[in-house]
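Engineer: my questions are about this predicted structure, shown below with the sequence.
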Amino acid sequence: MERLQKVIAHAGVASRRKAEELIKEGRVTVNGQTVTELGVKVGSSDKIEVNGLKLEREEPVYFMLYKPRGVISAAEDDKGRKVVTDFFDDVPQRLYPIGRLDYDTSGLILITNDGEFAHKLMHPKYEIDKTYAAKLKGIPSKELLRKLEKGIMLDHKKTAPARAKMLSIDKRKQTCIVQLTIHEGRNRQVRRMFEAIGHDVLKLKREQYSFLHIEGMRPGDRRELSPHEVKRLRAIADHGKSAF
Ligand code: URA
């Protein structure tokens with residue numbers, strides 16, 4: 001759900017402030033009812049009219065991007081650094097990322113202009129699995145990985161159950177690659193989980209977000225999600241992953 005004035009502004013009818021004035025003046029209806037309060041939130045199926053004319057919403061678009069390292073997960077950066085939406089300069093819609101990956105983390109991130117969809121997917125309640133490949137300094141024992149899976153204390157709160165799998169070991173360099181699947185999204189969670197068991201993360205990549213993966217893509221590549229993929233994500237957000 002998004003604020004009515006924001007939806008009107010996004011549709012290009014008026015600035016956000018002008019949209020607020022239109023609402024207060026009683027010139028906006030939602031599903032046939034005049035709305036004069038500013039707090040009202042609307043969803044994508046609500047019918048909005050401004051001055052008796054139906055509001056044509058911006059066409060919703062859904063992409064996945066293989067974010068390279070050294071890119072900010074935001075629509076703009078006040079320091080002028082490269083941001084994820086720079087990979088969509090040819091797309092007319094105003095886009096933003098769903099959730100975030102650290103500046104130095106690469107991998108799969110979803111990009112959309114559908115605020116309601118983004119909001120749903122980001123809600124921790126829906127426990128969307130995210131799978132990371134982490135290159136670690138040192139080689140953790142099986143016991144340590146089990147500990148991660150069961151949950152460890154971060155910020156005085158135990159992490160939810162996770163899955164950890166050793167993918168490869170470089171004995172000479174004393175590094176390894178561990179795949180970790182979590183469904184929480186706390187700040188720098190994967191890095192901090194490995195640090196908590198004594199292994200620094202040298203490189204981090206998100207390989208999978210729910211059923212979507214970056215196989216066959218290279219850093220900087222993007223692709224539009226199919227209507228079926230969007231529908232599946234929506235169903236997962238609506239009913240939880242146990243629906244699949
Ligand atoms: N966990 C991290 O530590 N960093 C990310 O970017 C994502 C998850």
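Structural biologist: Cool, the structure landed. Numbers count the residues shown, from 1 in each chain.

Engineer: what is the burial count for Gln33?
Structural biologist: Gln33 is flanked by 8 other residues according to other CB atoms under 10 Å. (Each C-beta comes from the backbone N, C-alpha and C, glycine too.)

Engineer: what sits closest to the residue nearest the centre of the chain if chain neighbours are left out?
Structural biologist: Central residue of the chain (CA atoms, centre = their mean): Ile98, 2.4 Å from the mean position. Spatial nearest neighbour of Ile98, excluding adjacent residues (CB to CB, 6 or more residues apart in numbering): Leu110 at 4.1 Å.

Engineer: also Gly99?
Structural biologist: Of all residues not flanking Gly99 in the chain, Met122 sits nearest, at 5.4 Å (CB to CB, 6+ apart).

Engineer: returning to that earlier point: name the helix or strand for the residue nearest to Ile98, please.
Structural biologist: Assigned by DSSP states H and E, Leu110 belongs to strand 105-112.

Engineer: and that strand, C-alpha only, in CSV?
Structural biologist: The C-alpha trace of strand 105-112 is given here as CSV (Å, rounded to 0.1, in the frame of the first residue of the first chain):
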residue,chain,number,x,y,z
THR,A,105,28.6,-7.5,-1.9
SER,A,106,27.7,-8.7,-5.4
GLY,A,107,24.7,-10.7,-6.6
LEU,A,108,21.0,-10.8,-7.2
ILE,A,109,18.8,-7.9,-6.3
LEU,A,110,15.3,-7.2,-7.4
ILE,A,111,14.4,-3.8,-8.9
THR,A,112,10.9,-2.5,-9.4
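
Engineer: any part of the following helix or strand past that strand near the ligand?
Structural biologist: Downstream of strand 105-112, the first helix or strand assigned by DSSP H and E is helix 115-122. No: using CB under 6 Å from any ligand atom, helix 115-122 stays clear of the ligand, coming no nearer than 13.2 Å.
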